[in-house]
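1. Structure for this input, please:
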Amino acid sequence: MNDLTHHRRMADLAGAMKGMPQVQIAPVIHVAKGLLSRTITIPAGVCIVGRIHGQSQLNVCLRGHIRIACEQGVVDVYAGQVIVSPPGTQRAGYAVEETEWMTVLGTEETDPEVVEQTLTFETPEAYAQFARAAIEEKS
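-> Predicted structure coming up:
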């Protein structure tokens, strides 16, 4: 499956989920020189859809068990596993058990809202515009 098809499926899932009861998940943010981490605790039985990431990052399952739908298919991720995500990655997850999930990315930005607005994208079109601008900047 190509990235655009995957992103459209994620958007369809997110749209369908908007009509369901919502769970608020507050992230815990940590900042170190050149790094920002975002940790969330996902209650068992909750399904989430992430945003499209503009750069590579590390994802760490700190605790629990989550079933992830990604570009490569569906995978089960357990406490202690680390996943490297390339730019353009977007996932949906179903927490089989309460799961603590940490994302770590390289950035000098320390404001998590600015990071979300500039390095993650809600739509494939917004990500494509970001990627084109990055390519043009390098050339």
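2. quick one: the residue nearest to the spatial centre of the chain from S139, how far?
-> For the chain, the residue sitting closest to the mean C-alpha position, by CA atoms, centre = their mean, is G50 at 4.1 Å. G50 is 30 Å from S139, where distance means CB to CB, to the nearest Å. No exception for glycine: its C-beta is placed from N, CA and C like everyone else's.
3. Could you do G34 as well?
-> For G34, the distance to S139 (CB to CB) stands at 25 Å.
4. can you check R63 too?
-> 43 Å.
5. One more: T39?
-> Taken as CB to CB, the span from T39 to S139 is 37 Å.
6. secondary structure class for D76?
-> strand (DSSP: H, G, I helix; E, B strand; the rest coil).
7. And it, what's its pLDDT?
-> For D76, the model assigns a pLDDT of 97.
8. how about it, what does it touch?
-> By CB atoms under 8 Å, 6 or more residues apart in numbering, the contact list for D76 reads H65, I66, R67, I68, V96.
9. again, but for V74
-> R67, I68.
10. Report the beta-bridge partner residues of it.
-> A69 (DSSP bridges).
11. Kind regards, and thank you for your time.
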